[in-house]
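**Student:** Generate a structure from the sequence data that follows.
(4 chains)
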Amino acid sequence: MDWHQLWVIISAPDNVPIVGLIPLLCFYIYLAWKQAKGNDDLIAELEADPAMAKTHHRKTWPFKPGWQKEVHVWPFLLRIEFLAAIIITIILMVWSITLNAPLEEPANPNLTMNPSKAPWYFLGLQEMLVYFDPWIAGVVMPTLIIVGLMIIPYVDTNPLGSGYYTWKQRKFAISTFLFGFIVLWISMIIIGTFIRGPGWQWFWPGQTWDHNRQIYEVNRDLPDLFGIASNAGKMIFGALVVGGYFVLGGLGVYSLFRRYMAKDFKRMSLVQFSMTQVFLLIMLALPLKMILRLAWHIKYVWITPWFNV
Amino acid sequence: MQRSKWVLLFLAILGLVLLAACNKKESTEEATTPATGSKPAMAATPIDPATAASISGTVKFDGAAPKAIKIDMSQDPACKGANEAEAVVVNGGNLQNVFVYVKDGLGDRAFDTPATAATIDQSGCRYHPHVLGLQVNQNLEIKNSDPTTHNIHPTPANNREWNESQPPQAAAISKNFAREEIMLPVKCNQHPWMKMYVNVVKNPFYAVTDKDGKYELKGLPPGTYTIAFVHEKMGEQTQSVTVAAKDAKTADISFKQ
Amino acid sequence: MPERPIPENDPIVNKSYAMHYLIATLILMVTLLWAMWDEGWGQRPWKSYQGEFKTRYLAFLKTARTKSATSVDEVKKNPEYASLQQNYEGTSAQAKSRLEELRKQVSELSGRILAVQNVFTDRRAYVNALTYELETGSSASAKQSKQKDIDNYKAELATVNYPDGSKKKFNYQQLEEEYNKLRGERVKVNAEVAEALKPLTESKAKLDAYVTDHMVDLTPQQIAGLQRKTEDWDPKIVQLNVAEANIVDRCESCHMGIRESVKLTAAAMEAKGAKKPDEYAKAFTSHPSAELMNAHDPEKFGCTSCHQGNGRATTSVEKAHGNYEHWLWPLFTKQNMEAGCQTCHAADAMLMAGDSGAIITEGKFLYRQRGCMGCHRYEGYDKEPEELQSVNQQLKLADQQKRENVKQSAYLMKQADSAGSNEEANSLNDKAVALRVANSKIDGRVQQLDFQSHNLMQDMKKIGPNLKEVRLKLNRNWIPVWLKKPTDFRPTTKMPNFRLTDGQIQAISAYLWQSGLKDELPKQKAGNAGHGRELFETRGCLACHSMGESSEMQGGTFAANLTRVGEKANYDYLVRWIHNARERTRPYCPYEKKDIGPEDYAKKGKPFVFDLEHSTCPNDGHEMQVQNMTVMPSLRLSLEDAQDIASYLMTMKKQEPTAYADAAFMEDGALQAEGKKWIRHYGCAGCHEISGMEDEGRIGTELTFEGSKPIERLDFALFTDAAQRGGKEPIGNAEDLARLPEGPSKGPWYNHKGFFEHKLAEPELYDKGMVKTETEALRMPNVHLAKEEVRALSTFLQGSQELGLPASYQYRPMDAKRDIQEGWWIVQKYNCQGCHQFTPSQATTLMGMKKYQDPDWKEQLPPKLLTEGARVDPEWMRKFLTNPSLSTADTNRNGVRPYLKVRMPTFTFSDNELRKLVRFFQALSQQPMPYIPQQVPTLTAKETDMARSLFSSNAAPCLKCHATGDAQHDQHATAPNFLLAKERLKPDWAERWIRDPQAISPGTSMPSGLFKQDGDHWVFAGPTPASFEGYDKDQSKLLVDYIFQLSPEEQRRVAGAKGRSHAVNAPPSKPGRSTAPIRAKGPGPGVENSHASGGAAR
Amino acid sequence: MPEENGNGGANGNGGANGNGSANGNGKERVGLLQRVKAGVQADVQALKTDIPTKAKEQMDGLKDPTKTQVYTSIFRHKHDDTPRNRALGILSNVFLHLHPAKINRDAVRYSYTWGMGGITFYLFIVLTFTGALLMFYYHPTKVQAFRDVLYLEHDVPFGKLLRNMHRWAAHLMVIGVWLHMFRVFLTGSYKKPREFNWNVGVILLVLTLLLSFTGYLLPDDQLGFWAVTVGTNMARATPGLGNEGPFGPQMGMTPYNDVRFGLLGGSIVDANALLRSYIWHCIGIPIVASIFMIVHFWRVRKDGGISGPAPVMLEAEGDKPRR
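**Tutor:** Modelled structure (predicted):
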């Protein structure tokens, strides 16, 4: 166990935010989960007791008739906001006094940094470069992420769960988002920061980052696995596989929706549903491809003269 | 003369003690500061003449005495006189021109520079004496009694080298040596056979063996000393001698070719 | 949701945030204060340094002042001071009354002037105003009336009240006159005051100057000044700002004592009662080298241009010293401080200023001497091959241009023939003619280039011997043994250990053997080894070569140790080598790329003669390499002497040459290709001349800017981690470990210094643990350097940086300084300093030898060249360097000092090098070039007589030591012949020399005190005849003039009169006695000479 | 007197002139002097009474600072603790009228909002402030940039703190934006009618990342240089627009005309890239982001304030339109 190495990585000034991000995320997930649980319990209680549902103010927080339903922003909100500003200022100052912003040697185009890493918030994308060609990881994926985030309000037809934390009413939406945010985005960043060492090789925490490490890795393409040699064959085969994934996956999503989320499905228009389907499948394709790569060393699935997937 | 010296010594010690006593701070700083020039004057510790001991002895030469080497002085008609080399002079088994001095055992004791000068005379194109001892910084007077010009050229290892011409009847040259050096060769470039050795030591306890190989070191305070016998050709030998107050010890030694 | 009691009051509205705010605000305040503190102190550790400095420095100054005061008192005790003091008091008493009177006058005058001035300036202002109105007046009448006003006003009388109460009226004109008159008077009186003060100030200045001149340290006044300055010091950043070079250095914010005018040591700056100098004390010392500081004014160079580090940073010691990961220029360590010199002085061979420079100079020297440049290019080293290439390129271009011109000219002429008009034809013909003239110019240039190439060929040297002649000179069976590990055979060899496998050794030696020249060498007679030994030990061989091993070793390390040379050498070759090492078996033609043999000459019907005069190829007329590329000179020995020495050397062996195992495989032709491959692989041709490898390039990395190579580019291989974190020292081999200058690493060594030093100590280190094939393995051989040598080379490499400063900071002088630089390269190339002293502090190899410790042998040392440029005529020097025997017939001797056993060899310098050397000596002694000889006045008969009386005086027996050309007299001469003086010496130098030779060459046999100063001129120290009565010129000058006009006859006459020849003609002491006349055998005229008697002792 | 004046010629000159003329006037107008004297005496008398009165008035005025003209010119309404004034405090305030006068009583609970939107906005302000100060010392040129950062670190008062704050606030802002988005999603706050504001938020997220990314290159050190090189290398692979992307070569893309070239102003990360990055970082993106932020805040209010905490809904109420 190379504690020194671990410490070097963790204490690098630019990695400190990520180190801070992990407990922060845990805390906020816990906070959200606690409130969701409270709300879900309340909902269950109210569902069971229609009479109570009529009178209850429907929040977990205490309420007494006569209390103001609305409060003045000044001072009741602003005092909190100002307090937050002060606290943030304190945190920021203390951080700035104790830890210096990194400044390395002057830029030298002739001397490549190893590993040369993007800013930490883009490390997820850089990590994806391992599994995808740059045009997917660097261009298509970010675009899809943005577009995907943007269409969320338009494809989420579930009217419940607006304005309060809940799990039971939005199981699918929340699990999908958590999967995308925590598993695909945050954990990739963590991998990119702490695990990827020189040569973008995989180093377990506590393993020494050896610049001279050599590892053997031969990557194949999926068509090779099936003995398809001709370019045209590869192209057609790849198209079939990718197409098949989307067709079969689409069918699978459909059957899942029909069975377990009938209400949502009913509320969705055709466009809404197909959009959901497509983005869901693309999102799922990412870990699938990673597994293909990590487990079977598959580089490409679909090979064409113009692009490879 | 002697009396005033003692008084001076006493005053110096008193001064030092006072300095150390009433201004300790100053003196420590002084000590840590690297001395510029000479070290802070160390007082010459008085030696009680009543307890002074002496060491004497004879230096022998082991084996057959080498025949004296004749020097060809014909080069300069002005050179007349004994023309035998003085490198190894043995008289009946006794070795002349051995420099004897206290090499070790006096500790940090410092000694005053004698006011009298040591002298070298050049006559008959020879140096007199052939081996000379003197104390550090003691004046050395060099005379020329020959009707010819000499030049005096010491070739020291640890002192400054010089080379001065001295015409006949010229005034004596006055010089001194600041650092200890044993068997410092002095020569004359015009008369290549002219050679002598100067021994510069820090204490007054030195002697040069005479014709009979005899020497005597007087006025030594009681103690254990390393006595060194140095011969220009045969090198150095040492002996350890312990003397008590008023002792008169003998230390003989012999050199082998 | 667990049941929670609902509170009575609305918590949202009623909850108080006062406590939250209080705490948050408090924390915010604390944070703000923290930020302030951080800004004011946390980021400014130098403040505490300055505070500490103030206390310690003041304490130091206090003691210094008392000490200084006592020494001032001592100085004042001096009678000389007392007389000055008296003088001062006398003058001041004298001047006193006069001064008082004058001062009174001045004050009186001042009062009167003021009285007049008050009135006058007022009136003048009014007149000026009116005049302005007059000048700008619009009409003639207005002007007229103004003029009238002015005139009227000027005519008005004004009253002046003098301070003594008297009054006087003046009109304007008178007023002005009075005013000017009074002022003039005051000026005059003031001048008188100054005049009266002059003797006073002068004697006062003398008095003060006496104190300052006789004080070794500062005076109490000066120290008081420092005390005041220090007491008034407010903490602030001290910075050197050199805008030109973008240097901002704040080093002095902590290192406050660095430029103080008193010498501060760490011990002096210790805290009170401290045992050891702490961090502060070490930081407060003054700069150790005043010389360096004078040469490099910090106001121009800052600190970091020499020391590196981050000069701007002030936040911590590590930051300021640049000892952190992302700073590219960390402070050079104390041990490698001199690396900083190299950054600007890369072009200099010799860097000495005060005590500094020895390490870097050694590094530069070693880089050539140990053959580093054979594999690693370095700007400025071994540039001859590159220059030669460029010359050849230019030659080709010139050739091409010539052909082109001929063609063009023919074309133009043809056109001219058929031109339409005469004019046109003439113009075309002119052009054609111009082209032909141009060609002749090119011819001139070609000649120059050929000459240049001739010179370059001559200057080109290799560190290792010529291996083409391996068959002729070596014992075949010895070669593989040698290659196995050269240090086993000769521990001090320059040949490094290559870690060759047996297979490689066999292949390499086979190739060398088979590719070697197979010519026959002339057979040599056997010589007298005893005589050879004497020659070897006295002729100066030991200035470069050494003999004996380890503690027994005597001689220089510049060339090979010859203790076992008898085991490997071939006698016939050795004789020839000693006789003239430059003599080649066959010349090499770089154009044809082959060794030219007699057959090639025969083809052209030419005799097989090649030397520097016959250096063109018989086949194509190109310049050839006609010399062995060795720096070993010719000692102009007779063939017999050479045979004697060779015979002696052949006896130097530990085992018989025949005892070596038979290496028959070297005749195996099958190994040749393999051998060639390995020779190429290991870059052998970098140091040796090898058949078929003449044009091989260097195999190593260029090192010119190695010190600024990014650390990532230095391959620490498997030790990267150990180096970064300071793990266990990876060098295991004890011998190699001992090469690390600072011993086994104690902390991280992931820096240039660490890399270089580990690499130099154990070059294969970075292969350790790696799996590599024979060809992949690191090729760098073990150069078996000593600790100090590793340090020197590491310093050199660390300083080898691309300069971040403006190019003007590179030391590239154009004048005499450049000549000095260029000269040092040659001096070092040929190891001149093995015999000669160039600077007072430099010791020669011979000086250090046991033999030369003896006073008689000391006189046998080669002459010191401390002021050689001032001493000799440059033209004479050129001749002398070309042929040190100064004779074409009798060459087996020294030209100037025939009495020296040691021989000034013939180096066959090229004209290039001759020019540089002559300039070097002139520049080193600050002599202007070109030299215009000084006219020596012709002496009158009377003067000649007087001079002769000095020359032959008993008090200055010149001819006793100086050679006269009379063989018998010269046997015991110890100084050069006067007859050489005219051509050789510069008269002004000669005069300085006879006045005080010890000042020019300390320890010379020539005594001082021949002349003494009498008033403003120099007179003879001995008795002078009556004719000197009334002679008021320098008598030393007279003697010099005489010597410069000395004719051989005159010299003979004087010598005869002095009976010198007579004395010498007398038969020497009778032979046959037990003590033979030593004079014949000894080194000089020494009788009791150590050699002879020492021999008897043995 | 003469001795004093004698010190300098110029002084003496001026002094003599002045003295002369004053003396002359005094002699000529004796009557006037008396009149002036009387007037002055009267003034002094009046002054004795006027000043204390004025002073008292002044002190009284200062007793209630809210009554001063300066105060009333700044604050347009009273600040007595009345509901009206509380509302006015928000509504009539240019800085605070982001908020409505009153909000849902539970919306002040930190556990619901996490305060991330506000914190992000606050960090943006901090960044603008520190960024503007940093701009005083920074030149976006290859020669100066790195040097200026060193200068900031070592010379500028509080320069190091400033730079550190800017850097860490930027990192915090990215984290804040993510957490904000996370919270908004978890509370379903993007749902009708806030769909568009969610989109604005997504754009702001992208802009935040771009802001941070463009700032990365500015110190011109190895870290920034290679981060940006890696980042922009991806642009090379843009389909159709990058010279290494799918269909890029077919579209005639070369390293000298593709989208990366456009981003960097050259084929390598160099002086132009530095300048572009600087301008986007300091001018382009902040302006765009500010506009979107204004829209974002405005929409928060127009879409009915923050989404919650809303009363929970029951399954059955899902399909009914909400009141």
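**Student:** need the contact list for residue A:283.
**Tutor:** A:148, A:176, A:179-180, A:184 (Cβ atoms under 8 Å, 6 or more residues apart in numbering or on different chains). For every residue, glycine as well, the C-beta is placed using N, CA and C.
**Student:** likewise residue A:176?
**Tutor:** A:280, A:283 are the contacts of residue A:176 under Cβ under 8 Å, 6+ apart.
**Student:** A strand includes it, no?
**Tutor:** No - counting by DSSP: H, G, I helix; E, B strand; the rest coil, residue A:176 is not found in a strand; it is helix.
**Student:** which residues does the closest residue to chain A within the stretch 401-550 of chain C contact?
**Tutor:** The stretch 401-550 of chain C approaches chain A most closely through residue C:499 (22.0 Å), counting by Cβ to the nearest Cβ. For residue C:499, the contacting residues are C:764, C:781-782, by Cβ under 8 Å, 6+ apart.
**Student:** you'd agree it is in a helix?
**Tutor:** No - counting by three-state DSSP, residue C:499 is not found in a helix; it is coil.
**Student:** any idea how far residue D:161 is from it?
**Tutor:** Distance of residue C:499 to residue D:161, computed by Cβ to Cβ, to the nearest Å: 56 Å.
**Student:** what do you get for residue B:100?
**Tutor:** From residue B:100 to residue D:161 the distance is 78 Å (Cβ to Cβ).
**Student:** So between the two, which is more surrounded?
**Tutor:** Taking other Cβ atoms under 10 Å in any protein chain shown, residue B:100 and residue D:161 do not tie; residue B:100 has more neighbours (27 against 21).
**Student:** just the strands in chain D please.
**Tutor:** D:102-104 (DSSP state E).
**Student:** I'd like to know how many residues surround residue 261.
**Tutor:** Using chain A here. 16.
**Student:** could you do chain D instead?
**Tutor:** Neighbours of residue D:261 (other Cβ under 10 Å): 21.
**Student:** Same question for residue B:214.
**Tutor:** 16.
**Student:** what's the answer for the one 5 residues further on, then?
**Tutor:** By other Cβ under 10 Å, the residues close to residue B:219 number 12.
**Student:** Okay, and it sits in which element?
**Tutor:** strand B:214-220 (DSSP states H and E).
**Student:** Run me through the strand neighbours of that strand, direction for each.
**Tutor:** Sheet pairing of strand B:214-220 (DSSP bridges) gives strand B:53-62 (antiparallel).
**Student:** For the partner strand, buried residues please.
**Tutor:** Within strand B:53-62, the residues that count as buried by 16 or more other Cβ atoms under 10 Å in any protein chain shown are B:53-61.
**Student:** so can I have JSON lines of these showing distance to residue A:214?
**Tutor:** Formatted as JSON lines, the buried residues of strand B:53-62 follow (distance: Cβ to Cβ, whole Å):
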{"residue": "B:53", "distance to residue A:214": "83"}
{"residue": "B:54", "distance to residue A:214": "85"}
{"residue": "B:55", "distance to residue A:214": "81"}
{"residue": "B:56", "distance to residue A:214": "85"}
{"residue": "B:57", "distance to residue A:214": "82"}
{"residue": "B:58", "distance to residue A:214": "84"}
{"residue": "B:59", "distance to residue A:214": "80"}
{"residue": "B:60", "distance to residue A:214": "81"}
{"residue": "B:61", "distance to residue A:214": "80"}
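**Student:** By proximity to chain B, which residue of chain A wins?
**Tutor:** residue A:100 (39.7 Å).
**Student:** out of everything not next to it in sequence, what's closest to that residue?
**Tutor:** residue D:164 (6.0 Å; Cβ to Cβ, 6 or more residues apart in numbering or on different chains).
**Student:** wouldn't the residue of chain A closest to chain B be in contact with residue A:14 here?
**Tutor:** No - judged on Cβ atoms under 8 Å, residue A:100 makes no contact with residue A:14 at a distance of 11.1 Å.
**Student:** quick one on the thing from earlier: what is the burial count for the residue of chain A closest to chain B?
**Tutor:** The burial count for residue A:100: 16, using other Cβ under 10 Å.
**Student:** Can I take it that it is in a strand?
**Tutor:** No - judged by three-state DSSP, residue A:100 forms no part of a strand; its state is coil.
**Student:** wait, what's in contact with it?
**Tutor:** Neighbours of residue A:100 in contact, by Cβ under 8 Å, 6+ apart: A:13, D:160, D:164.
**Student:** ok, those vs residue C:164, which is closest?
**Tutor:** residue D:160 (72.6 Å; Cβ to Cβ).
**Student:** Might one say that the closest one is in contact with residue D:151?
**Tutor:** No - using Cβ under 8 Å as the test, residue D:160 is too far from residue D:151 to be in contact (10.7 Å).
**Student:** So these two - more neighbours on which side?
**Tutor:** Just comparing residue D:160 and residue D:151: by other Cβ under 10 Å the higher neighbour count belongs to residue D:160, 21 against 16.
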